[in-house]
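J.: task: produce atomic coordinates for the following.
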Amino acid sequence: MSDGEIPREYRGWWRIVETSTERGAAYLAKKQAKTELARIDSEMKLLRAKLAALEARRANLGPRSG
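T.: Modelled structure (predicted):
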């Protein structure tokens, strides 16, 4: 057995642990992405409301001179 090699009797368990870890990492990445998207959606909603308020204020000021 060389350094870093897993003994034969543990290889089956190691594959299970490795697969579980990979799935866990994928799940975590997916969950983090979903959370980030929700945060972005929320921020965009606030920005749209601010934009609408600014457009209303601008309209009340009269026509643009240009």
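
J.: tell me the secondary structure at the residue nearest to the spatial centre of the chain.
T.: Residue closest to the mean C-alpha point of the chain, counted by Cα atoms, centre = their mean, is A33 at 1.8 Å. Following DSSP: H, G, I helix; E, B strand; the rest coil, A33 is assigned to helix.

J.: all helices of this structure, in order?
T.: Assigned by DSSP state H, the chain shows helices spanning 11-61.

J.: so where is it shaky, pLDDT-wise?
T.: Applying pLDDT under 70 to the chain picks out residues 1-3, 65-66.

J.: try 80
T.: 1-4, 63-66 (pLDDT under 80).

J.: residues near I6, how many?
T.: Neighbour count of I6, defined by other Cβ atoms under 10 Å: 13. C-beta coordinates here come from the backbone N, C-alpha and C atoms, glycine included.

J.: separation between the nearest residue to it once chain neighbours are set aside and Y27?
T.: Leaving out its chain neighbours, the residue that sits closest to I6 by Cβ to Cβ, 6 or more residues apart in numbering is W14, at 5.1 Å. Distance of W14 to Y27, computed by Cβ to Cβ, to the nearest Å: 20 Å.

J.: can you check L46 too?
T.: L46 sits 29 Å away from Y27, going by Cβ to Cβ.

J.: go on, E5?
T.: Noted for E5: a distance of 29 Å to Y27, by Cβ to Cβ.

J.: again, but for L54
T.: In terms of Cβ to Cβ, L54 sits 41 Å off from Y27.

J.: what do you get for A33?
T.: To Y27, A33 is 11 Å away according to Cβ to Cβ.

J.: and what of K34?
T.: From K34 to Y27 the distance is 11 Å (Cβ to Cβ).

J.: ok, L47 next?
T.: L47 sits 30 Å away from Y27, taking Cβ to Cβ as the criterion.

J.: now N60
T.: Distance, N60 to Y27, by Cβ to Cβ: 50 Å.

J.: compare these two (neighbour count), which wins?
T.: More crowded of N60 and Y27, by other Cβ under 10 Å: Y27, with 10 against 7.

J.: quick check: that one vs R58, distance?
T.: Note on Y27: its distance to R58, by Cβ to Cβ, is 46 Å.
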